[in-house]
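Trainee: curious how this folds, go ahead:
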Amino acid sequence: MPELSAPAILPGVAGAIALGGPGAVFWMWVSALFGMATKYSEIMLAVKFRKRNRQGDWVGGPMYYITKGLGKDFKWLAMLFSIFGAIAALGIGNMVQVNTVAVAVVSLVDEFTAGAIASGGRASMTIRLAAGLAIALIAALVLLGGIKRIGTVTEKLVPLMSILYIAGALVLILMNISQIGSVLKAIVIGAFAPKAVLGGAFGVVFVQSMRYGIGRGVFSNEAGLGSSPIAHAATSETDPVKQGLFGIFEVFTDTIVICTLTALAILMSGTQITYGHSAGAELAISAFSTAFGGKLVCVFFAFETALFATATILTWALYGSRCAEYLFGSKILAVYKTVFVVFIVIGASLKMSLAWDIADTLNGLMAIPNLIAIIALSGIVVKLTKAHFGK
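Mentor: Residues are numbered from 1 along each chain as shown. Modelled structure (predicted):
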């Protein structure tokens, strides 16, 4: 299963910069450093304590390494994670994703109609709902095919789209390479003294810069949430440590590489940023339009964002389904997937800021029981790591 990447994390990076200033990028890097260790641990534990379900598939994740690693007395903690995980999948992996697609489609229509149709109001909402219904239909059809169909679809979409996006970001950065020094300086200084970079008028403070930088960094790499271990538990790899090392690579790729490229592209492009106010894919579209033209960029991002968001939605449908299955058994899966599809349409109609507030809250609730388990089982992580590298 793919991690969140490329256009799927655009709203996270753009929102972090708009709300937290350039310094938020620095805190994304900090979150990645801690995230590498966290993700390595949770993936390793997932493979160590996984089991086979009735269909013969490997299943694992925080709910399993809590009960098998900490004992049955902690089943309440596993159930707590599963409840939060099943609900959180509707936020970070559903509403935020489809909301980004809806914004990209509205921007596309705006560009080609000079704002005559989708400039706001009823027309804009109609377009957003149409985008949500289209993705909901695709998701419903794919989810009926089960885990193998999800893997087949997402594996074909992710690599090519990532390469195209990274290439575009590099071109934009190279076109504005003279700005690299001042932008990097703004990132570092802005992390500790946002007003020194932005001025007091924007109201961005140190706590705000740290909050959105770390929060959006976690959104990009999922470290500590407990979601990725659910996917990694299905691997054919038998060595927990080897699989855990993939987690380090994923965090590095998502946050250090793709988030940084996105942030530099936005900050170096010279596009207007209204600091202190929520922003999403439209900010990135504006930045890339300075290099490639509005129409081309809008078409590219509408298409690519739709593909990545759909892949991410399908992946999180698996995460949420596994949590629901742990709580109620396989009989609940059809009901959960139906609810999940309905929330795709709901997410398309929400304001971006509301979708993010819901996702951030649910992410925090989901992470708490998982981080408790990781700390409690850290001795096993150290023991297995030493044994592996001692060979």
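Trainee: residues in contact with residue 34?
Mentor: Taking Cβ atoms under 8 Å, 6 or more residues apart in numbering, we find residue 34 in contact with residue 223. Bear in mind the C-beta positions are built from the backbone N, C-alpha and C, glycine included.
Trainee: helix or strand: which one has it?
Mentor: Following DSSP states H and E, one finds residue 34 within helix 23-48.
Trainee: mind checking what helix or strand follows that helix in sequence?
Mentor: Remark: after helix 23-48, the chain's next helix or strand is strand 51-52, criterion DSSP H and E.
Trainee: run through who's touching that next one.
Mentor: Residues from elsewhere that reach strand 51-52, judged by Cβ under 8 Å, 6+ apart: 58, 59, 60, 64, 68.
Trainee: mind checking which of those residues land in helices?
Mentor: By the criterion of DSSP state H, membership of the contacts of strand 51-52 in helices covers 64, 68.
Trainee: among the contacts of strand 51-52, which one has the most neighbours?
Mentor: Each of the contacts of strand 51-52 was scored for neighbours by other Cβ atoms under 10 Å, and residue 60 scores highest at 24 neighbours.
Trainee: residue 262 contacts residue 169, doesn't it?
Mentor: Yes: assessed by Cβ atoms under 8 Å, residue 262 is found in contact with residue 169 at 6.3 Å.
Trainee: who's more crowded, the two?
Mentor: More crowded of residue 262 and residue 169, by other Cβ under 10 Å: residue 262, with 28 against 24.
Trainee: against residue 168, how distant is that one?
Mentor: Taking Cβ to Cβ, to the nearest Å as the measure, residue 262 falls 10 Å from residue 168.
Trainee: now the helices for the stretch 101-250 of the chain?
Mentor: In the stretch 101-250 of the chain, the helices defined using DSSP state H, counting those that start in this stretch lie at 121-143, 146-175, 180-192, 194-198, 206-221, 228-232, 240-251.
Trainee: and residue 236, what pLDDT?
Mentor: Residue 236 is assigned a predicted lDDT (pLDDT) of 85.
Trainee: check contacts around the nearest residue to residue 290 once chain neighbours are set aside.
Mentor: Excluding the flanking residues, the one nearest residue 290 by Cβ to Cβ, 6 or more residues apart in numbering is residue 269, at 4.7 Å. Listed by Cβ under 8 Å, 6+ apart, the contact partners of residue 269 are 172, 176, 286, 287, 288, 290, 291.
Trainee: which among those count as buried?
Mentor: 172, 176, 286, 287, 288, 290, 291 (16 or more other Cβ atoms under 10 Å).
Trainee: if we can go back for a sec, adding mean pLDDT and distance to residue 275, write the helices of the stretch 101-250 of the chain out as a markdown table.
Mentor: A markdown table is the format used below for the helices of the stretch 101-250 of the chain (pLDDT from 0 to 100; distance: least, Cβ to Cβ, whole Å):
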| stretch | mean pLDDT | distance to residue 275 |
| --- | --- | --- |
| helix 121-143 | 84 | 24 |
| helix 146-175 | 74 | 21 |
| helix 180-192 | 89 | 10 |
| helix 194-198 | 71 | 5 |
| helix 206-221 | 70 | 10 |
| helix 228-232 | 88 | 32 |
| helix 240-251 | 90 | 27 |
